[in-house]
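**Student:** Need a 3D model of the following:
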Amino acid sequence: MKTIAKFKCVEKAKNQYNEKISLEPVTSGSPENDEFYKTTPSGVIHIFTCNPQAADSFEVGKEYYVNFSPAN
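**Tutor:** Coordinates of the predicted model:
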């Protein structure tokens, strides 16, 4: 089973050790987002990384697809 969700980057915060990226589910803004809002799990994703290249791949205000699937 696989679940695809659509999240928006809402915050990037950097400290001396790492960078925190926060994402929240989309709720509106396009017909696609309206559909995702009906079916996407609610919640927040926080990613912490000390890899600047990984942090640079996220931009506040930009939307991202998130794929959830079993790891086994």
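**Student:** Which parts of the chain are strands?
**Tutor:** Listed in chain order, the strands of the chain (DSSP state E) span 3-14, 19-25, 45-49, 63-68.
**Student:** pLDDT averaged over the second one - what is it?
**Tutor:** What strand 19-25 shows for mean pLDDT is 97.
**Student:** Restrict that strand to CA atoms and write it as CSV.
**Tutor:** Output of strand 19-25 as CSV, limited to C-alpha atoms (Å, rounded to 0.1, in the frame of the first residue of the first chain):
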residue,chain,number,x,y,z
GLU,A,19,18.4,23.1,10.0
LYS,A,20,14.8,22.4,10.7
ILE,A,21,12.3,22.2,7.8
SER,A,22,8.6,22.2,8.6
LEU,A,23,5.9,21.0,6.2
GLU,A,24,2.1,21.1,6.6
PRO,A,25,-0.6,19.5,4.4
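**Student:** which strands and helices sit next to the helix or strand bottoming out on mean pLDDT in the chain?
**Tutor:** Least confident helix or strand of the chain, by mean pLDDT, DSSP states H and E, is helix 31-39 with a mean of 88. Packed against helix 31-39 by the contact rule (3 or more Cβ pairs under 8 Å, 6 or more residues apart in numbering; DSSP states H and E) you find strand 3-14. All C-beta spots, glycine's among them, are computed from the backbone N, C-alpha and C.
**Student:** Give the buried residues for the strand it packs on.
**Tutor:** 5-9 (16 or more other Cβ atoms under 10 Å).
**Student:** from the residues you listed, which single one is nearest residue 36?
**Tutor:** Lowest distance from residue 36 to the buried residues of strand 3-14 (Cβ to Cβ) belongs to residue 6, with 4.2 Å.
**Student:** Verify the contact between that closest one and residue 65 for me.
**Tutor:** Yes. Counting by Cβ atoms under 8 Å, residue 65 is a contact partner of residue 6 at 5.7 Å.
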